[in-house]
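Visitor: Sequence below, structure please.
(one chain, ligands or ions: 2)
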Amino acid sequence: MEVTREQAWETLTRYTQSEALRRHALAVEASVGSYAQRFDGDEELWRATALLHDFDYEIHPTLDEHPQDGAPILRQEGWPEEVIEAVLSHAEHLAMPRDTPLKRVLFACDELSGFVHACGLVRPTGIDGLEPKSVKKKLKQPSFAAGVHRDEVYQGAELLGLELDEHIRNVVESMRPIAPELGLRTAAA
Ligand SMILES: [Fe+2]
Ligand SMILES: [Fe+2]
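Guide: Ligands and ions are numbered 1, 2, ... in the order given. Next up, the predicted model:
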């Protein structure tokens, strides 16, 4: 099979009807894709992996199924092991080594993209003008986007060898061009 983000979107949307989950996939895709060049990765494969990382969450909403029971489905569809292994590695409970740049970037972008998304949803201008400082302030409020694991956000930046500020800035910038698809308002609108 040809590994393309289009093919991944097709797989994702066949298993995922929830708009929120599709938007999460797009946000993570944007962030992961933006790091491909920097870490010498295959951008198309990285984007496909990001789109697929939670593809089975709707059918496997608990950690005793997600994402491990999704892997055989991806295998059957012909996705390469590189993609499948990276998808599996995003899950903390599977405790797999994050031994490739793709695995590290996916892990580092998953929770933070979700958190930045949440920040944007409560701002009148979405993520336009969203500064790392205010993201970090919100990270310290446990009640805000309580489902986002803060420790994974901090660990992710560290894993990439980036300052948290820079990582936040990169994620915000990568999501900005697709703000409308993410359901975010923009300063212009
Ligand atoms: Fe997940
Ligand atoms: Fe995710």
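Visitor: So which residues on this protein come close to ligand 2?
Guide: If contacts are counted using C-beta under 5 Å from the ion, the residues of the chain sitting beside ligand 2 are 54, 110. C-beta here means a position set from N, CA and C on the backbone, and glycine is covered the same way.
Visitor: Kindly recompute the last result at 6 Å.
Guide: Proximity of the chain to ligand 2 is confined to 24, 28, 53-54, 110 under the rule C-beta under 6 Å from the ion.
Visitor: Closest one of those to Ser174?
Guide: Comparing the residues of the chain next to ligand 2 against Ser174 with C-beta to C-beta picks out Val28 as the nearest, at 9.9 Å.
Visitor: does the closest one count as helix, strand or coil?
Guide: Following DSSP: H, G, I helix; E, B strand; the rest coil, Val28 is assigned to helix.
Visitor: Mind pulling up the pLDDT for it?
Guide: pLDDT recorded at Val28 is 98.
Visitor: so how far is His90 from Val83?
Guide: With the distance defined as C-beta to C-beta, to the nearest Å, Val83 ends up 12 Å from His90.
Visitor: Equivalent analysis for Ala36, please.
Guide: Ala36 sits 16 Å away from His90, going by C-beta to C-beta.
Visitor: quick one: which of the two has more around it?
Guide: Neighbour comparison, Ala36 and His90: the larger count goes to His90, with 23 against 19 (by other C-beta atoms under 10 Å).
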